[in-house]
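Novice: Got a predicted structure here, sequence first:
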Amino acid sequence: MALSRIWSAFIIVAVLVAGYKWIFTGDETIFNRMVVDKADDATDSIGYIIIGQPKTAGYTSRETFVKNMATYNYALKDSVYKPK
């Protein structure tokens, strides 16, 4: 009984977070990715831009920071805005 409540909570939280991403960030493929994709598939909506120097965060260079973020499926972007 407790296990079913835990799984239900996981599903409810996942749907709420996906709904937030869909409504407020404009991620139109979030529900499709939740059903179809695997964790190691590349996505185009997850990205970041670097402001400042990664050395202040403890990384030896910019390349090591980019490599570390790539393990979490984050890609370095040129702009915070989506291309049109």
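Specialist: In hand now; what should we look at? Numbers count the residues shown, from 1 in each chain.

Novice: now stretch 57-66: mean pLDDT?
Specialist: In this model, stretch 57-66 has a mean pLDDT of 85.

Novice: what about it, distance to the chain center?
Specialist: In terms of Cα atoms, centre = their mean, to the nearest Å, the centre of stretch 57-66 is found 19 Å from the chain centre.

Novice: Could you measure from residue 2 over to residue 8?
Specialist: Per Cβ to Cβ, to the nearest Å, residue 2 is found 11 Å from residue 8. Using the backbone N, CA and C atoms, a C-beta is placed for each residue, glycine as well.

Novice: Comparing those two, which residue is more hemmed in?
Specialist: Ranked by neighbour count (other Cβ atoms under 10 Å), residue 2 and residue 8 place residue 8 first, with 10 against 6.

Novice: Where in the protein is the helix or strand with the lowest mean pLDDT?
Specialist: When each helix and strand of the chain is scored by mean pLDDT, DSSP states H and E, strand 47-48 comes last, with a mean of 74.

Novice: Report the strands that pair with that strand, each with its relative direction.
Specialist: Note on strand 47-48: by DSSP bridges, its sheet partners are strand 75-76 (parallel).

Novice: per-residue confidence averaged over the partner strand?
Specialist: 79.

Novice: And for this structure, the residue most distant from the center?
Specialist: Relative to the mean C-alpha coordinate of the chain, counting by Cα atoms, centre = their mean, the farthest residue is residue 1 (31.8 Å).

Novice: who does the longest helix anywhere in the chain touch, helix- and strand-wise?
Specialist: As assigned by DSSP state H, the longest helix anywhere in the chain is helix 2-24. The helices and strands touching helix 2-24, judged by 3 or more Cβ pairs under 8 Å, 6 or more residues apart in numbering; DSSP states H and E, are helix 30-36.

Novice: got the buried residues for the helix it packs on?
Specialist: Neighbour-count burial for helix 30-36 flags residue 30 (criterion: 16 or more other Cβ atoms under 10 Å).

Novice: hang on, the earlier thing: centre of the chain versus the longest helix of the chain, how much separation?
Specialist: Centroid separation for helix 2-24 versus its chain: 16 Å, with Cα atoms, centre = their mean.
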